[in-house]
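Peer 1: following is a predicted model, sequence given first.
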Amino acid sequence: MDMLPIRRAILSVTDKSGLDDFARFLQEKGVELVSTGGTRKKLLQAGLKVRSVSDVTGFPEILGGRVKTLHPHVHAGILADKDDSTHMQTLKDLRLAPFDLICVNLYNFAEAVRQTLQDKQAVEQIDIGGPTMLRASAKNFHSVAVIPDPSYYAECMQEMTNNGGSLSLAFRKRMAVATFAMTSEYDRMITEYLSRS
């Protein structure tokens, strides 16, 4: 689809700069907000209405936060091809709702490396759920918009303002390219760290 109406979003970010304004903009556009842990707490403190991922999955965050978003109720909603009627029927049959926008940025592994943590501590800063959501949404850019960094918030808001609450395919593809570049760099940094330690 060329123009994607944004109705439902996941926000789960380490870098919370600009988050309140971006989330408030989305909510004012009628977007349902879903979030995790610290991000949800910050949004609630800002007076925004936001559902927890646990409400969506029906399952608590476990293993000290290692498992939060790795669930079919999240990933089916991200990976469904909205142009494929069988995908949409599957969501309907399973009572799952699609997501339209995924706003995720990653644990700061570079900071963990700078602090020269021991391997056991450093690996706790390797994000798993974040890259999985980023890659899934970037893969499915025909049906989902991915926003991988706060530097893109202003452009996203301008796009939605110009397009009546929708995001263009051209914008979504550019965000997918930026996302794959970021996850590739993230993996490279982890590979270099583990190779030299």
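Peer 2: Received it, and whenever you're ready, just let me know what you need.
Peer 1: where does the prediction get shaky in the protein?
Peer 2: Residue ranges of the chain with pLDDT under 70: 64-65, 107, 112, 115-117, 197.
Peer 1: which residues in it form strands?
Peer 2: 3-5, 8-12, 32-35, 51-52, 101-104, 145-147, 166-168 (DSSP state E).
Peer 1: and of the ones you listed, who's closest to Leu91?
Peer 2: Taking Cβ to Cβ as the measure, the strands of the chain were each checked against Leu91, and strand 8-12 came out nearest at 11.8 Å. C-beta: built from backbone N, CA, C; applies to glycine.
Peer 1: paired strands for the closest one, with orientation please.
Peer 2: Based on DSSP bridges, the strands next to strand 8-12 in the sheet, each with its direction, are strand 32-35 (parallel), strand 101-104 (parallel).
Peer 1: switch the ones you listed over to JSON lines; also include mean neighbour count.
Peer 2: Supplementary listing: the strands paired with strand 8-12 in JSON lines, determined by neighbours: other Cβ atoms under 10 Å:
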{"stretch": "strand 32-35", "mean neighbour count": "22"}
{"stretch": "strand 101-104", "mean neighbour count": "26"}
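Peer 1: any idea which of the ones you listed gets closest to Lys120?
Peer 2: When the strands paired with strand 8-12 are compared (using Cβ to Cβ), the closest one is strand 101-104, at 25.1 Å.
Peer 1: run the chain-centre distance for the closest one.
Peer 2: From the chain centre to the centre of strand 101-104 is a distance of 3 Å (Cα atoms, centre = their mean, to the nearest Å).
Peer 1: ditto for stretch 157-173
Peer 2: Taking Cα atoms, centre = their mean, one finds the center of stretch 157-173 at 17 Å from the center of the full chain.
Peer 1: Gly30: neighbouring residues, count only.
Peer 2: Gly30 has 10 neighbours, counted by other Cβ atoms under 10 Å.
Peer 1: tell me the spacing between it and Gln118.
Peer 2: Separation of Gly30 from Gln118 (Cβ to Cβ, to the nearest Å): 47 Å.
Peer 1: with distance to Gly58 added, can I get the strands of the chain in TSV?
Peer 2: Compiled in TSV, the strands of the chain are given as follows (distance: least, Cβ to Cβ, whole Å):
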stretch	distance to Gly58
strand 3-5	26
strand 8-12	16
strand 32-35	13
strand 51-52	11
strand 101-104	20
strand 145-147	25
strand 166-168	29
